[in-house]
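**Q** Sequence plus the predicted model coming up.
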There are 2 protein chains.
Amino acid sequence: MPRAPRRSETMTIARLAKHLGLSEGTVSRALNNYPDIAAKTIDRVRKAADDLGYRPSTTARRLARGVVETIGFVLPARDGHQIDPFLAEILDGLATELALSDWDLLVAAVPDGHDEVEVMDRLVRSGKVGGFVVARTKRQDPRVDYLRKSDIPFVVQGRTEQCDDYAWLDIDNQKAFVDAMDHLVGLGHRKIAFLGGDPDLNYAWQRREGYLSAAKAHGCAIRPGYLHDGIMDEMAARAAVAELLKHPDRPTALLCVTDAVAIGAIHALAHAGISVGSEMSVIGFDGLPMGEAIHPGLTTMSQASYQVGREVGRIVVEQATASTTGPASPLSQILWDATLTIRGSANPPASAPGTNAQPASAPATNAQPASAPATNAKGGIS
Amino acid sequence: MPRAPRRSETMTIARLAKHLGLSEGTVSRALNNYPDIAAKTIDRVRKAADDLGYRPSTTARRLARGVVETIGFVLPARDGHQIDPFLAEILDGLATELALSDWDLLVAAVPDGHDEVEVMDRLVRSGKVGGFVVARTKRQDPRVDYLRKSDIPFVVQGRTEQCDDYAWLDIDNQKAFVDAMDHLVGLGHRKIAFLGGDPDLNYAWQRREGYLSAAKAHGCAIRPGYLHDGIMDEMAARAAVAELLKHPDRPTALLCVTDAVAIGAIHALAHAGISVGSEMSVIGFDGLPMGEAIHPGLTTMSQASYQVGREVGRIVVEQATASTTGPASPLSQILWDATLTIRGSANPPASAPGTNAQPASAPATNAQPASAPATNAKGGIS
DNA sequence: TTGACAACCGAAACCGCTTTCGGTTAGCGT
DNA sequence: ACGCTAACCGAAAGCGGTTTCGGTTGTCAA
């Protein structure tokens, strides 16, 4: 159990050096693994530092070295929405990876009347961060535009429309929605509606594209009223479902941009007396825990958001470190697959021949091995 | 649109001073509002700083002043659980308040094999933080114990069993659950079960105490099997509901420790063919958005978690600033009330005389004015 | 004994800002 | 013209560490 130091007890390198009978320079060089310090001396110094609770002042180190080992993350401007679970998981993973590298995560919010780029600029100009992670990108994202023009290392979780000049890690959203459509078509569905998000957001755009291209490939007509954009939460899902239930050519399946939207849709269907997984099938995207708990369990394309945060953290530290010490390394540009998790919300259409009219009650199965990312790193600009 | 500075363009106080034809000392004193600098000069300096994109280096300022304007927040160790929405909201509010004060929020995770106190100690010893916010307290909380013994300013969102020697802001969980019980009893319920959390966590303990004391006050017997502890997520809620439905003296209402648990319970009840809001009433705690979207809407004790984060941020900055500049101010110890939000999940028992057997379909109403905190600050140790 | 070299030394400079302190100058009022 | 004072000046020191560089010492091998 560490005991917090009193202010008067603060160790300095001067005190530690005196304690060891070494010069301050030698202690510093020992702690920083200089090759001209003997291993025996290095061990001795490290042990004494541990015993006496000494840690170098980050502030002094920053000033002396000119290196800021802190990554900035600017929270999305608040639109009356809560932070979504996906983002929270990214943060958790990112914070963990940075902790392992002894880097810090600085989280900044956007006060009313300000914007994200402004917040970033303030962090940059006061020398508070040595890099950024950007998440939840728009197709045209001002944050990415700002950072591209700078020397500041950054990694994007997600992508923008143009994305070949910076490092990114993204889920293959388009493929995920192609796969989800393949699954529904494989079950016999032909009338498939889509509850999409804000198409200014790149992930929502890609998921929408996946839906459209798979519908075309399978020859499923997208009837007017089957495609809803701007569905951002459960309440919006509710309204969209109400409309779809009045459709003259009611769809037999719903593909939803996120699990939250899918869960909202499931509630609305249940309330309208529609049997989910029988009269209407539903697929979401995210893999939220609540998707497992509801009845029937939600079939969903899952993404490993915590692991995404971890990997993004690893990449940004690597990049920031490389930009301090040496030649530019190739940009990481990685696509991870989402995984189909089958539960009871998606089954063959109730009117399909040879149908078992009961929703599947088997436990969730994964259609692919869980979450082992297929890395597709590309060389980049150097 | 700010343009990020190139490294070679970094403004320093020396350059700014030269540009203005003033000494560096005068520029510094102007930016720091020294009374011996003319207002006209202060304006001139500020304007030039803005025009040239100069911001003082936080690193240099920290070293020179010995003040670290950064608040640390250590994420709970990960137990396979996602970050709960309440915590995410606190973080958002906290980050916003800190941004307004030009303070920073450093978020740290706990890597496997480490614990929260250890992470805190590292932050303290390397001089990375000037204070902490602690949330989700246990009744005996090692983090609070560590910080109490230190000079480090900190504010707790929540409380521990002993809590008179530090600053805290808490929701009156006990009263909230008394109020919720009052409401259920007022509707005619006498057989009320409780799905509680981990009683090591102080909020869960208090909510449990509220349930128990209100049940006693109303003369409602708590039958064996009515009180479940350790319900931490929707899946656990499902299992608990399954047991309660087998109870020889089935309860007519469920009081749940959180909305997530309540939503899980609602799903399980619906799956079992129990009409929620009619055969069984349900009340939660939190005010999650999803509670509004489901059918029936969840009656819940709501808390303003974003505002909690804001206020905690304000208190910790105030405290940290006071500890630098002057006499100790009285500790803030504030209790906020939760607000009853009435929706369709709680109605008179189906077998009560004069009952309308249909669940309420009116929009949510608040039984009290929304979220204006009744402050109950106490003087403390100085 | 001599030369080489590992391993440390001590001094100094520096990072970018803040703060102090004795001094100077300009403007104003008498 | 003189005295006062607001408002700045310039120099220096300092924060806590890092890094460089010429020097010293001890050990080992030839």
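**A** Nice, thanks for sending it over. The shown structure was predicted, so the numbers you read here are calculated from the model rather than taken from an experiment.

**Q** Do you know the pLDDT at the closest residue to residue A:229 other than its chain neighbours?
**A** Once flanking residues are discounted, residue A:229 sits nearest to residue A:196: 4.7 Å by Cβ to Cβ, 6 or more residues apart in numbering or on different chains. Just so you know, the C-beta spots here come from the backbone N, C-alpha and C atoms, and that holds for glycine as well. Note on residue A:196: pLDDT of 97.

**Q** how near is residue A:196 to residue A:269?
**A** The gap separating residue A:196 from residue A:269 is 18 Å, by Cβ to Cβ, to the nearest Å.

**Q** do residue A:324 as well
**A** As judged by Cβ to Cβ, residue A:324 and residue A:269 stand 54 Å apart.

**Q** ok, those two, which is more surrounded?
**A** Legend: neighbour count by other Cβ atoms under 10 Å in any protein chain shown for residue A:324 and residue A:269, higher for residue A:269 (24 against 14).

**Q** contacting residues for the more buried one?
**A** Listed by Cβ atoms under 8 Å, 6 or more residues apart in numbering or on different chains, the contact set of residue A:269 reads A:241, A:245, A:276, A:280, A:282.

**Q** ok, residues contacting the longest helix belonging to chain A?
**A** In chain A, taking DSSP state H as the definition, the longest helix is helix A:305-325. Residues outside helix A:305-325 that contact it (Cβ under 8 Å, 6+ apart) are A:67, A:69, A:71, A:85-86, A:89-98, A:101, A:103, A:130-133, A:151, A:153-155, A:157, A:167, A:169, A:171, A:286, A:328-329, A:332, A:334, A:336, A:371, A:373, B:78.

**Q** Do I have it right that residue A:135 meets residue A:89?
**A** No. Here residue A:135 does not reach residue A:89: they are 10.5 Å apart, not a contact under Cβ atoms under 8 Å.

**Q** Where does pLDDT dip in chain A?
**A** Scanning chain A for pLDDT under 70 picks out the ranges A:1-9, A:80-81, A:325-328, A:351-382.

**Q** ok, the most centrally placed residue in it - contacts?
**A** Nearest to the geometric centre of chain A sits residue A:90, at 4.4 Å (Cα atoms, centre = their mean). Residue A:90 makes contacts with A:135, A:157, A:305, A:306, A:308, A:309, A:312, as judged by Cβ under 8 Å, 6+ apart.

**Q** quick one: secondary structure of it?
**A** Following DSSP: H, G, I helix; E, B strand; the rest coil, residue A:90 is assigned to helix.

**Q** Residue A:180 now?
**A** Applying three-state DSSP: residue A:180 is helix.

**Q** Now for it: which residues touch it?
**A** Taking Cβ under 8 Å, 6+ apart, one finds A:210, A:214, A:255, A:283, A:285, A:301, A:340 in contact with residue A:180.

**Q** what about the fourth one, how many neighbours?
**A** The reference is to residue A:283. Neighbour tally, residue A:283, other Cβ under 10 Å: 28.

**Q** Residues in contact with the helix or strand that contains it: which ones?
**A** Element membership of residue A:283, judged by DSSP states H and E, is strand A:281-286. Strand A:281-286 has contacts (Cβ under 8 Å, 6+ apart) with A:85-86, A:173, A:176-177, A:180, A:183-184, A:187, A:189, A:207, A:252-263, A:265-266, A:269, A:276, A:291, A:298-303, A:305, A:338, A:345-347, A:349.

**Q** Please apply the same query to stretch A:240-255.
**A** The contact list for stretch A:240-255 (Cβ under 8 Å, 6+ apart) reads A:177, A:180-181, A:184, A:187, A:189-195, A:211, A:223, A:225-226, A:228, A:231, A:262, A:264-265, A:268-269, A:272, A:274, A:279-283, A:346, A:349-351.

**Q** Could you tell me the end-to-end distance of it?
**A** 12 Å (Cα to Cα, to the nearest Å).

**Q** and the spatially closest residue to residue A:161 that is not a sequence neighbour, backbone torsions?
**A** Distance criterion Cβ to Cβ, 6+ apart; nearest residue to residue A:161, sequence neighbours excluded, is residue A:139 at 4.4 Å. Phi and psi for residue A:139, reported as degrees, to the nearest 10, are phi -70, psi -40.

**Q** picking that back up, hmm, which of the contacts of helix A:305-325 are the buried ones?
**A** By neighbour count, with 16 or more other Cβ atoms under 10 Å in any protein chain shown, the contacts of helix A:305-325 hold A:69, A:71, A:85-86, A:89-98, A:101, A:103, A:130-133, A:153-155, A:157, A:167, A:169, A:171, A:286, A:332, A:334, A:336, A:371, B:78 as buried.

**Q** Return the set of buried residues in stretch A:225-238.
**A** Neighbour counts over stretch A:225-238 (16+ other Cβ under 10 Å) mark A:226, A:228, A:229, A:231, A:232, A:233, A:234, A:236, A:237, A:238 as buried.

**Q** Inside helices: which ones of the residues you listed?
**A** Those of those lying in helices (DSSP H): A:234, A:236, A:237, A:238.

**Q** Looking at the residues you listed, which one is closest to DNA strand D?
**A** Nearest to DNA strand D among those: residue A:234, at 50.5 Å, using Cβ to the nearest atom of the strand.

**Q** quick one: contacts for that closest one?
**A** Residue A:234 touches A:260, A:261, A:263, A:264, A:267, B:289, B:290, B:292, B:293, B:294, counting by Cβ under 8 Å, 6+ apart.

**Q** Turn these into TSV, including secondary structure.
**A** Compiled in TSV, these are given as follows (three-state DSSP):
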residue	secondary structure
A:260	helix
A:261	helix
A:263	helix
A:264	helix
A:267	helix
B:289	coil
B:290	helix
B:292	helix
B:293	helix
B:294	coil
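
**Q** Greatest separation within these: which pair is it?
**A** A:261 and B:292 (14.6 Å; Cβ to Cβ).

**Q** Between the two, which is the more surrounded one?
**A** residue A:261 (29 against 18).

**Q** quick one, what contacts the nearest residue to that one once chain neighbours are set aside?
**A** Closest residue to residue A:261 apart from its sequence neighbours, by Cβ to Cβ, 6+ apart: residue A:237 at 4.5 Å. Contacts for residue A:237 (Cβ under 8 Å, 6+ apart) come out as A:195, A:231, A:256, A:260, A:261, A:262, A:263, A:264, A:265, A:268, B:293.
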